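> Have a look; sequence and predicted model below, questions after that.
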Amino acid sequence: MRIFDPHIHMSSRTTDDYEAMYAAGVRALVEPAFWLGQPRTSPQSFLDYFDALLGWEPFRAAQYGIAHHCTIALNPKEANDPRCAPVLDELPRYLVKDGVVAVGEIGYDSMTPAEDAALAAQLELAAEHALPALVHTPHRDKPAGLRRTLDVVAESRLSVERVLVDHLNETTVEEARDSGAWLGFSVYPDTKMDEHRMVAVLKEYGPERVLVNSAADWGRSDPLKTRKVGEAMLAAGFGEDDVDLVLWRNPVAFYGLSGRLALEVAAPASLHEGNSVLRGGE
Ligand SMILES: [Zn+2]
């Protein structure tokens, strides 16, 4: 089973996770820029993080045979903080870099006017840079959040066929599918979608344009949820081709819209800017 996790925050995960993911079949992933679990206090704080998503983290992933790409954006939560919003001016110089395969994650958290402005501005940046967009939908009041998201996309210059709407569930999948967007589902250990609910959604709506991710971060999450969905699909009677479509070909097609996906993992360098993943003396 070859697996592409289209949304996982590896900066918050260990090398054990990389090993376990490789053993489970993960060969590629996308790490969306997000918050840190505590508020940033200046735009400069984003820049070192973006550089890590483009440098250190792909270096680390390559040690374990996994191709790493990222998406860059001002995330919805921090769009509300006036200390952070100026990072919007820094995004263009990151969006031209090879490892960046989308603008994201953008979207709504609490559906505030500041989030409206950041979402519209970043959809415009995606259109300008010929990149697709990864759009997070809010965890509260999902149907209203999705509707407003799709309205803002419709008003933007970015075609909805270049948008991946993430964190969908049973209450939002139908409207998202009818819009023409790509459909992202985050499968967590004990909240939101689990692998069995995911299989039920796939039975009802089919595997076209569906992507499944673990969205693993520093919170309670499981970087092997993609594999578990694949197993649950097979157990429920889906064929291997359907599993491959959801876990590999759909994410490749979506992020491939950037023209920048590089899936062959180069032989890992031993050092990144003088540092390695090994301890001294090994
Ligand atoms: Zn995320």
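That came in fine, so what should we check first? Numbers count the residues shown, from 1 in each chain.

> quick one: the strands in the stretch 101-250 of the chain?
Shown for the stretch 101-250 of the chain, the strands assigned by DSSP state E, counting those that start in this stretch span residues 133-136, 163-166, 182-186, 210-213.

> Please identify the deepest-packed of the ones you listed.
Comparing the strands of the stretch 101-250 of the chain by mean neighbour count (mean count of other C-beta atoms under 10 Å), strand 133-136 ranks first with a mean of 30. Placement of C-beta: from N, CA and C, glycine included.

> Poorly predicted segments of the stretch 151-282 of the chain, please.
For the stretch 151-282 of the chain, the stretches with pLDDT under 70 are 192, 279-282.

> Name the nearest residue to T15, ignoring sequence neighbours.
Counting by C-beta to C-beta, 6 or more residues apart in numbering, V277 is the residue found nearest to T15 once chain neighbours are left out, at 6.3 Å.

> what number of residues lie near that neighbour?
17 (other C-beta atoms under 10 Å).

> ok, now which ones touch it?
T15, R60, Q63 (C-beta atoms under 8 Å, 6 or more residues apart in numbering).

> That one should be in a helix, yeah?
No: V277: not assigned to a helix; according to DSSP: H, G, I helix; E, B strand; the rest coil it is coil.

> about what we covered before: could you dump the strands of the stretch 101-250 of the chain to TSV with distance to the ion?
Converted to TSV, these look like this (distance: least, C-beta to the ion, whole Å):
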stretch	distance to the ion
strand 133-136	7
strand 163-166	8
strand 182-186	8
strand 210-213	8
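
> With distance to I3 as added columns, please give these in TSV.
Below are the strands of the stretch 101-250 of the chain laid out as TSV (distance: least, C-beta to C-beta, whole Å):
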stretch	distance to I3
strand 133-136	18
strand 163-166	17
strand 182-186	14
strand 210-213	9
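
> how about these, which one is nearest A114?
A114 lies closest, by C-beta to C-beta, to one member of these: strand 133-136, at 15.1 Å.

> In contact with whatever residue of the stretch 151-282 of the chain ends up closest to the ion, which residues?
In the stretch 151-282 of the chain, no residue comes nearer to the ion than A215, which is 4.9 Å away by C-beta to the ion. Residues in contact with A215 (C-beta under 8 Å, 6+ apart) are H7, I8, H9, D166, H167, S186, V187, Y188, S221.

> in the sheet, who's paired with the spatially closest residue to the first one that is not a sequence neighbour?
To tie it back to what came earlier, the one meant is H7. Distances taken as C-beta to C-beta, 6+ apart put N213 closest to H7, at 3.6 Å, once the chain neighbours are dropped. Counting by DSSP bridges, N213 is bridged to S186.

> so what's N213 up against?
D5, P6, H7, I8, D166, G184, F185, S186, V187, K225, T226.

> Hmm, the fourth one is touching L29, no?
Yes: in this structure I8 lies within contact range of L29 using C-beta atoms under 8 Å: 5.3 Å.

> Overlap in contacts, those two.
In contact with both I8 and L29: no residue, using C-beta under 8 Å, 6+ apart.

> tell me the SS of R83?
R83 ends up coil, using three-state DSSP.

> For H9, see how far away it is.
R83 sits at a distance of 22 Å from H9 (criterion: C-beta to C-beta, to the nearest Å).

> between the two, which one's more packed in?
Counting neighbours by other C-beta under 10 Å for R83 and for H9 shows that H9 has the greater number, 25 against 13.

> Can you verify my assumption that that one contacts P32?
Yes: assessed by C-beta under 8 Å, H9 is found in contact with P32 at 7.3 Å.
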